[in-house]
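# Predicted structure and sequence below. I'll ask about it afterward.
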Amino acid sequence: MTGTKGALLHVDNITKRFFGFVALDGIDLEVQPGERLGLIGPNGSGKSTLVNCICGTLQNDSGSVQFDGKTLDGLAAHQRTHRGVSRSFQLPRPFHSMNLVDNLRIPLLYTVHARVGPLRSTGDLDARCLELLEMVGLAKKAKQLPRDLTQVEMRKLELARAVAAEPKLLIADESMAGLSHSEIEDILKLLMQLNERGITIILIEHIMSAVMSFSQRLAVLVSGKKVADGKPEEVVRDPEVVRAYLGQ
Amino acid sequence: MSSVNTAKFSLITIAVGAVVMAFAHWVHVDYLYFASYTILQFIVLATAWNILGGYCGYVNFGSAAFFAMGAYSSVFIHKLYPLPVPLLILIGGIVSGLVGFGMGYLTLRLRGSFFAIATLALAVVLQTLVVNWDFVGGSRGAYIIRPEELEFAGITINYIEYLFGLMLLLTMIALVTARTIERSQLGFGFATIRDDELAAEASGVPTLRLKLIATTLSGAFMGMAGAPFPYYIGYLQPSSAFGLEYAVNSIAMPMIGGTTSWVGPLIGAILLGSAQQYATVTISSAVNLLIVGLMLVGFVIIAPNGLIGLVQGWRRKWRQP
């Protein structure tokens, strides 16, 4: 690791405005390698905008994002994926004309392949796709189209595709919203497994029980500002967080 | 079918091409050459349109402009120093490829209907330029006297047969290219652009670069289809080169055949092209676009995914009743 002070991700004072509206107002955030960070905040607090600025879907107006010791500023989203930042979308965005295997083939072809060079044959690619589907329990539906999936399966596909890019950092944007209790357990177990394999994870979530059981550290955004960052048990007791996020 | 690799497919295409050529030579009716040339030209146009429109999902309404750029680059060079037609095809391809690259570059951020409108605007702008450019004939048009025969290595070839042969070769190249793209990493990348660009970027697909490759390739093939056109028609004027029928046909043919595979534009062009040729001879040439319009409406209602989609649907039902 050649990271600054050992941090994998280093977000330094970034700001993002949409015309007059300030979506992110001087956010600082550090994530250590292997860490599980929970990111919470009320609707419209800037969580997704932050994710978009880290992943390159949006470019921050000022400040900078360092990843793995190098700056990501100005890089397009696909270049950041190549560097090892991977994300799942809040609403699953599968490639709807492709079956599940081909959905996973894309990051393998365009990210992993680009990174390690032409090492994989078609057979290896197929095997890796199936392995990933196996991991999320979708191997039986390998040849089906995304439209044949249930909501929770769709979330799993979304995560599998993000993981297929073999990221160092995985950002899971509300991958549990609208799921039942057992389905949430399923996804949590999956995320823990990925973390055990050495993937650093930022989990953005509204479901507090899931965030609390998953996160080693919790950061809270309110109106584009970070109001708290620390141990989950302490953060949820922070008066400012309680006031802004949990109501009262 | 997926087991047929590109080399095998190329051989099959060459064999089919040779059979078509031999058959045409055996029949040896000039009209057959004229009519089939038009159909082949439409196969190339439809295939080219489909690279951008079908594979990437970017609808181009300006096909006529790319076709005309190819045709007018031939006129331009013919006036300077006549070159052999195969070279003109190459030049037409380069010119239209560059126009395609430029269009792609200027419209990279436009999606959906905005992109379509921009391509339409491009066609209008280019047509206005050509109308006001005296060297290539302006609005009067330009005559190109086609030789009756071509002497090549001691053999005399009927010129229309020669043009037909070139267009047949170009068709073969276009089909092999389209099919190769479809099965390659590039084809997968194109499909992600069609499905969801944000997700494509997140998976590491360089969408902007791929879009430029698609607009360039698509434009280049349209230009190549247009380059021999002045020699075929003998008299080229802006209103015919930029004609509505090219823009409409190159969209309608892939739509009717099916846009997800190279087979779609091929079937669509043969079907629609033949119907139009038949109507031109039996009814009138003005009925052409009416046929296209009616068939397009019919297919949008009955088979929105084209003939290929229809067949795939049947096969799926067949397998799981």
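Nice, thanks for sending it over. Because the structure is a prediction, the values reported are computed rather than measured. Residues are numbered from 1 along each chain as shown, chains lettered A, B, ... in the order given.

# can we go C-alpha only for contacts and neighbour counts from here?
Noted.

# what's near enough to touch the nearest residue to B:S285 once chain neighbours are set aside?
With C-alpha to C-alpha, 6 or more residues apart in numbering or on different chains as the criterion, B:S285 has its nearest non-adjacent residue at 6.8 Å, and that residue is B:A279. Counting by C-alpha atoms under 8 Å, 6 or more residues apart in numbering or on different chains, B:A279 touches B:285, B:287-288.

# same question, B:T259
B:50, B:53-55, B:265, B:305-306.

# can we see that at 7 Å?
By C-alpha atoms under 7 Å, 6 or more residues apart in numbering or on different chains, B:T259 lies in contact with B:50, B:54, B:265.

# And for B:P206?
The contact partners of B:P206, taken as C-alpha under 7 Å, 6+ apart, are A:H78.

# With A:T111 as the reference, measure out to it.
According to C-alpha to C-alpha, to the nearest Å, B:P206 and A:T111 sit 10 Å apart.

# Okay, buried residues for the lowest-mean-pLDDT helix or strand in chain A please.
Least confident helix or strand, chain A: helix A:113-116 with a mean of 74, by mean pLDDT, DSSP states H and E. Residues A:113, A:115 are the ones in helix A:113-116 that count as buried (16 or more other C-alpha atoms under 10 Å in any protein chain shown).

# and the next element down the chain from that helix?
The C-terminal neighbour of helix A:113-116 among helices and strands, as given by DSSP states H and E, is helix A:122-135.

# distance between that following helix and the chain's centre?
Mean-position distance between helix A:122-135 and its chain equals 22 Å (C-alpha atoms, centre = their mean, to the nearest Å).

# Give me the mean pLDDT for it.
Across helix A:122-135, pLDDT averages out at 88.

# likewise stretch A:52-68?
For stretch A:52-68, mean pLDDT is 94.

# One more: stretch B:298-307?
87.

# Tell me if that stretch is near chain A.
No. Interface with chain A: stretch B:298-307 contributes nothing (C-alpha under 7 Å from any C-alpha of the partner chain), its closest point being 12.2 Å away.

# Dump that stretch to PDB, restricted to CA.
Below are the C-alpha coordinates for stretch B:298-307, written out as PDB (Å, rounded to 0.1, in the frame of the first residue of the first chain):
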ATOM      1  CA  GLY B 298     -47.100  -2.900 -39.600                       C
ATOM      2  CA  PHE B 299     -43.900  -4.200 -38.100                       C
ATOM      3  CA  VAL B 300     -44.000  -1.800 -35.200                       C
ATOM      4  CA  ILE B 301     -47.400  -3.100 -34.300                       C
ATOM      5  CA  ILE B 302     -47.000  -6.800 -35.000                       C
ATOM      6  CA  ALA B 303     -43.200  -7.400 -34.400                       C
ATOM      7  CA  PRO B 304     -41.600  -4.500 -32.600                       C
ATOM      8  CA  ASN B 305     -38.300  -6.500 -32.400                       C
ATOM      9  CA  GLY B 306     -38.300  -7.200 -36.100                       C
ATOM     10  CA  LEU B 307     -38.500 -10.600 -37.800                       C
END
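
# just to revisit the earlier point, among the contacts of B:A279, which one has the most neighbours?
Each of those was scored for neighbours by other C-alpha atoms under 10 Å in any protein chain shown, and B:N288 scores highest at 20 neighbours.

# What pLDDT does the model give it?
78.

# What sits closest to it if chain neighbours are left out?
In this structure, B:N288 finds its nearest non-sequential neighbour in B:Q276, 5.2 Å apart by C-alpha to C-alpha, 6+ apart.

# what's the answer for B:G138, then?
B:V131 (4.3 Å).

# can you tell me which residues contact that neighbour?
B:V131 neighbours (C-alpha under 7 Å, 6+ apart): B:138-139, B:238.

# As a markdown table, those with secondary structure and neighbour count would be great.
Output for the contacts of B:V131, formatted as a markdown table (DSSP: H, G, I helix; E, B strand; the rest coil; neighbours: other C-alpha atoms under 10 Å in any protein chain shown):
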| residue | secondary structure | neighbour count |
| --- | --- | --- |
| B:G138 | helix | 17 |
| B:S139 | helix | 17 |
| B:P238 | helix | 24 |
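
# what would those residues look like in a markdown table with distance to B:I256 and pLDDT?
Shown next, in a markdown table, are the contacts of B:V131 (distance: C-alpha to C-alpha, whole Å; pLDDT from 0 to 100):
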| residue | distance to B:I256 | pLDDT |
| --- | --- | --- |
| B:G138 | 35 | 85 |
| B:S139 | 34 | 85 |
| B:P238 | 28 | 92 |
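
# what's the neighbour count on A:L157?
With other C-alpha under 10 Å as criterion, A:L157 counts 27.

# And the host helix or strand of it, what does it pack against?
Per DSSP H and E, A:L157 falls inside helix A:151-164. Where contact means 3 or more C-alpha pairs under 7 Å, 6 or more residues apart in numbering or on different chains; DSSP states H and E, helix A:151-164 is packed against strand A:85-88, helix A:100-107.

# The same query, at a cut-off of 8 Å, please.
Under the contact definition 3 or more C-alpha pairs under 8 Å, 6 or more residues apart in numbering or on different chains; DSSP states H and E, helix A:151-164 sits against strand A:85-88, helix A:100-107, helix A:122-135, strand A:169-173.

# before we move on, the earlier item: what separation do you get for the residue nearest to B:N288 and chain A?
Distance, B:Q276 to chain A, by C-alpha to the nearest C-alpha, to the nearest Å: 33 Å.

# Now the strand or helix carrying that residue: buried residues?
Here B:Q276 sits within helix B:263-282, counting by DSSP H and E. The neighbour-count check on helix B:263-282 (16+ other C-alpha under 10 Å) flags B:263-270, B:272-274, B:276-277, B:279 as buried.

# Considering these, which is situated nearest to chain A?
B:G264 (16.4 Å; C-alpha to the nearest C-alpha).

# Three-state assignment for whichever residue of the stretch 201-321 of chain B sits closest to chain A, please.
Chain A sits closest to B:G204 of the stretch 201-321 of chain B, with a gap of 4.0 Å, by C-alpha to the nearest C-alpha. Here B:G204 takes the coil state, with states given by DSSP: H, G, I helix; E, B strand; the rest coil.

# One more: B:C56?
Applying three-state DSSP: B:C56 is coil.

# Centre of the chain to stretch A:22-35, how far?
Centroid separation for stretch A:22-35 versus its chain: 13 Å, with C-alpha atoms, centre = their mean.

# average pLDDT for it?
What stretch A:22-35 shows for mean pLDDT is 93.

# Give me the residues contacting it.
Residues from elsewhere that reach stretch A:22-35 (C-alpha under 8 Å, 6+ apart): A:6-17, A:37, A:45-46, A:49-50, A:63, A:195, A:198-201, A:216, A:223-226.

# Among those residues, name the ones in strands.
A:9-17, A:37, A:63, A:200-201, A:225-226 (DSSP state E).

# Return the nearest residue of chain A with respect to chain B.
For chain A, C-alpha to the nearest C-alpha, closest residue to chain B: A:H78, 4.0 Å.

# That residue - how many residues pack around it?
27.

# Show the contacting residues for it.
Per C-alpha under 8 Å, 6+ apart, neighbours of A:H78: A:56, B:200-206.

# which among those residues end up buried?
Buried residues within the contacts of A:H78, counting neighbours by 16+ other C-alpha under 10 Å: A:56, B:200-206.

# now those residues in a markdown table, with distance to A:E30?
What follows is these, written out as a markdown table (distance: C-alpha to C-alpha, whole Å):
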| residue | distance to A:E30 |
| --- | --- |
| A:G56 | 17 |
| B:A200 | 27 |
| B:E201 | 24 |
| B:A202 | 22 |
| B:S203 | 24 |
| B:G204 | 24 |
| B:V205 | 27 |
| B:P206 | 28 |
